[in-house]
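Asker: Here you go, sequence then predicted model.
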Amino acid sequence: MLCSRRFDDVIARGSYPIDIHDPKGGRGTLLERLPIGGAYDIPLRCLIPRNVDGLLVGGRCISGTHEAHSSYRVTPIALATGQAAGVAAALAAQTGAAPRDLPAGDVQRRLIEQGANLGDAVAGC
């Protein structure tokens, strides 16, 4: 059963179902939906490559499992993670901090000022 996972360093949210197409090119597709009204958080740390300093990624390039990618690969979520990467890059440039050292709260505040939906209630699995 899927659930709506929450993270303290949320920078985007998604609700698209898991949508895995048959890797062998067949007709089968695994489709699993979140509970009605559910949404999952995408954490800031997904935008920061482990072994590369000074780089942020967004869109389909963020770090996640194959199953998670099948949900977050859609355009609205790619746009939201791209916005978050841009905000984090701007804050890093303004403060001189490395992206991995940015406080998540600073990124979240700027995103909320720009109208991003980061949720308001903690819903666990």
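Answerer: Now that the structure is in, tell me what you want to look at.
Asker: For the rest of this, base every contact and every neighbour count on C-alpha atoms.
Answerer: Fine.
Asker: Determine the longest helix present in the chain.
Answerer: Taking DSSP state H as the criterion, the chain has its longest helix at helix 75-95.
Asker: Next up, phi/psi of Leu30, please.
Answerer: phi -90, psi 120 (degrees, to the nearest 10).
Asker: OK, contacts around the residue nearest to it when sequence neighbours are not counted?
Answerer: In space, and not counting its chain neighbours, Leu30 is closest to Ile20: 5.0 Å by CA to CA, 6 or more residues apart in numbering. Going by CA atoms under 8 Å, 6 or more residues apart in numbering, Ile20 touches 29-31, 67, 70.
Asker: Can you point out the buried residues in the longest helix of the chain?
Answerer: Buried residues in helix 75-95, counted by 16 or more other CA atoms under 10 Å: 77-89, 91-92.
Asker: quick revisit: are any of the contacts of Ile20 buried, and which?
Answerer: By 16+ other CA under 10 Å, these give Ser70 as buried.
Asker: Tell me which two of the contacts of Ile20 sit farthest apart.
Answerer: Longest distance between any two of the contacts of Ile20 is 12.3 Å, between Thr29 and Glu67; criterion CA to CA.
Asker: Report how many residues lie close to Tyr40.
Answerer: Neighbours of Tyr40 under the rule other CA atoms under 10 Å: 23.
Asker: Quick check: the gap between it and Tyr16.
Answerer: 9 Å (CA to CA, to the nearest Å).
Asker: before we move on, what about Val57?
Answerer: Applying CA to CA, the value for Val57 to Tyr16 is 20 Å.
Asker: quick one: Asn117 and Ala39 touch, right?
Answerer: No: judged on CA atoms under 8 Å, Asn117 makes no contact with Ala39 at a distance of 10.7 Å.
Asker: For the two, list the residues in contact with both.
Answerer: Joint contacts of Asn117 and Ala39 (CA under 8 Å, 6+ apart) are Arg13.
Asker: Endpoints of stretch 90-101, how far apart?
Answerer: End to end - CA to CA - stretch 90-101 spans 13 Å.
Asker: tell me how far it is from the chain's mean position?
Answerer: Relative to the centre of its chain, stretch 90-101 is centred 19 Å away, using CA atoms, centre = their mean, to the nearest Å.
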